[in-house]
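Engineer: got a predicted model here, sequence first, then my questions.
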Amino acid sequence: MFLAYSTVELLAQEETETIAKVKYNPFKTTIEDQDDIWEVKFGSTHLLPTSNSIQSKKFAFRFGIHYFYEINFSPAKRFALAIGLGYNFQQLKTKGIFQGSPDATFTPAENINHLSNPRLNIHELNFPLELRLKLQSELKFYLAYNFTIPVSNNMKYKVDGDDLNEKNTAPINAFQHGPSLRVGYKDFFLFTRYNVSGLFLTPEFESVDLFCFGISLGG
């Protein structure tokens, strides 16, 4: 009787281990075993160095939403690779406006009478590759490298109280990339990102780099 019980228990344990190995195959991670497959970001966008002549010091809003497919490398789900696809909107408050597309020269605000509230809105697709470390304490460290393709940009401003909107006048770099870091607890994160590539194509601003930070919600 004891031998039969031990045999059944051993077979059940082997079956459980077999299922676990199949379940956590790095290329067959089920949706149920993935963490933070959605991400929503809210933050602020800035240009470095801060002494640049294009950006004002006003708050510039940033929003992003991403979907991730997570590949876990162990049943404990402590270490994983996540492949993402998403959309970013970022706003830059500027000290002037871009004019004269396709030459796209930058005209400072002091050279335009009654100019107010100039801002550059950028819409882009983002493809992050994220290495994830998750501790038993539910602390999470996500280090990523991002590949970004701007889709469109809008230069919005007011002159004499009239709202103006010019599309795709800013000389935006068509392919951007850079690292980002998310540090969080459960589903709440703080994030930061820095672009290694320049944001603008014009020689005047080619050394100006994008930097952003804020909060990120996972789930």
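Structural biologist: Alright, I've got the coordinates.
Engineer: quick one: the helices in the chain?
Structural biologist: Counting by DSSP state H, the chain has helices at residues 2-23.
Engineer: where does P171 fall, phi/psi-wise?
Structural biologist: Backbone torsions for P171, taken as degrees, to the nearest 10, come to phi -80, psi 70.
Engineer: quick one: it and F200 touch, right?
Structural biologist: Yes - between P171 and F200 there is a contact under CB atoms under 8 Å: 5.5 Å. Just so you know, the C-beta spots here come from the backbone N, C-alpha and C atoms, and that holds for glycine as well.
Engineer: so where's the chain uncertain?
Structural biologist: 1-33, 100-103, 219 (pLDDT under 70).
Engineer: quick one, domains of it?
Structural biologist: Following automatic domain parsing, the chain resolves into domains at 1-27, 34-218.
Engineer: okay, those domains in TSV with mean neighbour count next?
Structural biologist: Shown next, in TSV, are those (neighbours: other CB atoms under 10 Å):
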stretch	mean neighbour count
domain 1-27	10
domain 34-218	16
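Engineer: show me what C212 is bridged to.
Structural biologist: As for beta bridges, C212 partners with T45, R193 under DSSP bridges.
Engineer: to clarify, my last question referred to F200.
Structural biologist: What pairs with F200, by the bridge criterion (DSSP bridges), is I172.
Engineer: residues touching it, list them.
Structural biologist: Residues in contact with F200 (CB atoms under 8 Å, 6 or more residues apart in numbering) are 170-173, 206, 208.
Engineer: could you do I65 as well?
Structural biologist: 38-41, 86-87.
Engineer: mind redoing it with 7 Å?
Structural biologist: I65 sits next to 40, 86-87 when contact means CB atoms under 7 Å, 6 or more residues apart in numbering.
Engineer: what do you get for L139?
Structural biologist: Contacts for L139 (CB under 7 Å, 6+ apart) come out as Y185.
Engineer: go with 10 Å
Structural biologist: 133, 183-186 (CB atoms under 10 Å, 6 or more residues apart in numbering).
Engineer: need the contact list for Y145.
Structural biologist: Counted by CB under 10 Å, 6+ apart, Y145 has contacts 127-131, 177-180, 196.
Engineer: how close does it sit to I112?
Structural biologist: 39 Å (CB to CB, to the nearest Å).
Engineer: pretty sure S216 sits against P128.
Structural biologist: No - using CB atoms under 10 Å, S216 is not in contact with P128; the gap is 11.5 Å.
Engineer: what touches both of those two?
Structural biologist: Joint contacts of S216 and P128 (CB under 10 Å, 6+ apart) are 39, 64, 66, 142, 180, 182.
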